[in-house]
Structure formats: C-alpha cells, structure tokens
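> next input, structure requested:
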Amino acid sequence: MTVRADLTIDYTISPRVVTVAAPSVVLILQDLYDTLAFHDAKPQNMDDLVTVVASGKETLGGGVFVAVTLELQNTQLAFQERDMALSVGTATSNNVGTILTDISATFITDTVSRGDLVTNTTDSSVGTVMSVESETSLMHTQLTGGAQDDWDIGEAYQILDVIQCNVSGGNIVAVDGVGDPLNPIFATFGTQVVIAQSSSATILTSASDSQAFVDELMQELVDGVRVDNILTKLLSVATGRIVADADPPTTITYFAQDNVTPIFVLDLASVERTRQ
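The predicted model follows:
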C-alpha cells in the first residue's frame, strides 16, 4: 500500500478536489486509490461520501489480472497549478495578433515550444504558441480576451510553460453527487493532464506472478508461433513498456507500469536453440 504525502483532498467543496502537489507530474492509479482510501478512513472524514470506488484486479490465471478501474465519487483529480515563465520581454514589431517578434528574445534557448501560453501583459490578451520560428520570432493562435488582441511595439509579453502530467495504471472515471458522469480531471493553470487509459481489460503484475504467462509465450515460440503474433498477445495485457533489443529481436523485455522495472525477458535466442 502506497500513501502519497503529496496528495491533498479538499472535502469542503463539491465536487471535491484531490490535488497532486508540484513538482510531481506522474500518478499511478493504484497509488491514488491507496491514498484516497487512507484519508477516507480517517475519523474526521467518515461521515463524508467516500471519494473513490475501485473495481478490477481479479485474477485470470497465469499472472494476468483484470485492469483496475477507479470511479471517483463526486471528486475530481487535479495537478497543482504551474506558473513558470520561460521568456519575458517586449514586442519590437507591430502585428495583427498571431506573430510575436522581439529582436532581443531567445525563444529557442528558453525552450519555448508548441502549446505554451503567450500573454500580452499590456492589454491582457492571451494565445497559445503554434511554432517557434527563430530565437526572436514565434507564431501563436490569435490573441483573445484583451483590449486590442494584437501586438504594438513596446507591449510587454510573458510566455508560460505548460507542464504535461501523466495518469496511468488502469482506467479512471467519475460521477457527481447524483450519479451523473463527471470529468475526472479538474483543469488547472499551466498543466495538461494525459490519461493513459488501459487499452485492454487485463494487466500483468510481478515477474513471479507472470511466470506462467511467460512460459506459455515461450512454448508458443518453440511451437513455431510467429514473433509478431506473440507481441500482439503481449500488448493485449501490457500496461508498461515493451522493448526489443534489435531488428529482428533476440530478446524482448517487458517493463512494469513505471517503465523502469523489468518484469520479464523473452529470450528468443534460447527458443532457436530449443528448436534445433
């Protein structure tokens, strides 16, 4: 059981909001469930509706389990707001509102990229970076929300980074206080949340639990099943990264949901030796 100290829950609002504190940008759904269940069980919260209901993880045998699905109960997930200025300066050219030019800027060096936020702080208009043309020029969506929604020489700007945050390890949905569908994500300034929903109803767990599944795959390879068919079968239950060492491969490694910890390795070279 993993209870994350960087998650907080505001029980006083509706829908409630679970916030992942900066600088964290990754959340595994099992960790989210463990943390919410821990806080829901505290005496001061026991009179409130639970924040989450989980299903899945039933064993299908051979180290294969049904993927976990979390249903947030009148609760949304948020990552803490980010306010990271990548570049600041003043416009040195007039423009209708889609090109920002500053001969003193260093947009490429400042790592400004597509999707970052552009603010004309003089007239309070905003846009989104489309492309960085050079160190001193970039294209963005039409400025909006300001007094003139364009650039005049001398107007100040600020470009803010948008931080990608990732949620993985199963599926997540939400319902509101009366059971109607609710967006599980509460959008926050300067963040973009990507949910890697499970494309399969099943998951693999540890190396020891998965041994029967590995043995099955290896036997199929020995029996002459094509490697691409084995990969298709593996992908159907994978929630982590699959890496081949070469083309054609001699080993295929399957990693856990953290994309770092190896779960098992299929030794294709040993299969060839067995066939001989």
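> so what's V26 scoring on pLDDT?
Looking at V26, its pLDDT reads 89.
> which strand residues bridge I99?
M139 (DSSP bridges).
> my read is that it contacts T141, right?
No. At 11.1 Å, I99 does not count as touching T141 under the criterion of C-beta atoms under 8 Å. In this view, the C-beta of every residue, glycine as well, is placed from N, C-alpha and C.
> just to check, S87 is in contact with F107?
Yes. Here S87 reaches F107: they are 6.0 Å apart, a contact under C-beta under 8 Å.
> shared neighbours of the two, anything?
I159 (C-beta atoms under 8 Å, 6 or more residues apart in numbering).
> so how many other residues sit close to Q148?
15 (other C-beta atoms under 10 Å).
> one more: A147?
10.
> residues contacting the nearest residue to it once chain neighbours are set aside?
Of all residues not flanking A147 in the chain, D123 sits nearest, at 4.1 Å (C-beta to C-beta, 6 or more residues apart in numbering). D123 is in contact with G146, A147, Q148, D149, E155, counting by C-beta under 8 Å, 6+ apart.
> check which helix or strand covers D123.
Following DSSP states H and E, one finds D123 outside all helices and strands.
> for it, give me phi and psi.
phi -110, psi 10 (degrees, to the nearest 10).
> what does the one 10 residues further on give?
The phi and psi values for E133, taken as degrees, to the nearest 10, are phi -80, psi -30.
> check whether it really touches V112, as I assumed.
No. The pair E133 / V112 is not scored as a contact, 10.8 Å apart, by C-beta under 8 Å.
> okay, and the common contacts of the two?
Joint contacts of E133 and V112 (C-beta under 8 Å, 6+ apart) do not exist.
> more neighbours, these two?
V112 (22 against 14).
> return the backbone torsion pair for the more buried one.
phi -70, psi 140.
> show me where pLDDT drops low in the chain?
The model of the chain has pLDDT under 70 over residues 1, 57-67, 197-249, 254-264, 268-276.
> the more surrounded of I99 and T141?
Taking other C-beta under 10 Å, I99 and T141 do not tie; I99 has more neighbours (16 against 13).
> which SS class is G154?
Using DSSP: H, G, I helix; E, B strand; the rest coil, the three-state assignment for G154 comes out as coil.
> measure it to N120 for me?
The gap separating G154 from N120 is 11 Å, by C-beta to C-beta, to the nearest Å.
> same question, A37
Counting by C-beta to C-beta - A37 and N120 are separated by 46 Å.
> neighbour count: those two, which is higher?
N120 (25 against 15).
> hmm, that one is touching L143, no?
Yes. Counting by C-beta under 8 Å, N120 does reach L143; the two are 5.9 Å apart.
> any idea what A156 is bridged to?
T90.
> residue boundaries of the helices in the protein?
29-40, 211-222, 227-235, 268-275 (DSSP state H).
> now do the domain split for the chain, please.
Per automatic domain parsing, the structural domains of the chain span 7-81+164-202, 85-161, 205-275.
> if we can go back for a sec, any chance of CSV for the contacts of D123, columns distance to L7?
Putting these into CSV (distance: C-beta to C-beta, whole Å) gives the following:
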residue, distance to L7
G146, 36
A147, 40
Q148, 42
D149, 39
E155, 40
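> farthest-apart pair in the residues you listed, please.
D149 and E155 (11.3 Å; C-beta to C-beta).
> got a list of what the closest residue to T121 other than its chain neighbours touches?
Counting by C-beta to C-beta, 6+ apart, T121 lies nearest to A156, which is 4.6 Å off, once chain neighbours are set aside. By C-beta under 8 Å, 6+ apart, A156 lies in contact with V88, G89, T90, A91, N120, T121, T122.
> from the residues you listed, pick the one nearest V17.
T121 (28.5 Å).
> ok, the closest one - contacts?
E155, A156, Y157, Q158.
> can I get those in a markdown table with distance to N95?
As requested, the contacts of T121 are exported to a markdown table (distance: C-beta to C-beta, whole Å):
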| residue | distance to N95 |
| --- | --- |
| E155 | 10 |
| A156 | 15 |
| Y157 | 11 |
| Q158 | 17 |
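> mind checking which of those residues are buried?
The neighbour count (16 or more other C-beta atoms under 10 Å) marks E155, Y157, Q158 as buried among those.
> neighbour-wise, which one of the contacts of A156 leads?
N120 (25 neighbours).
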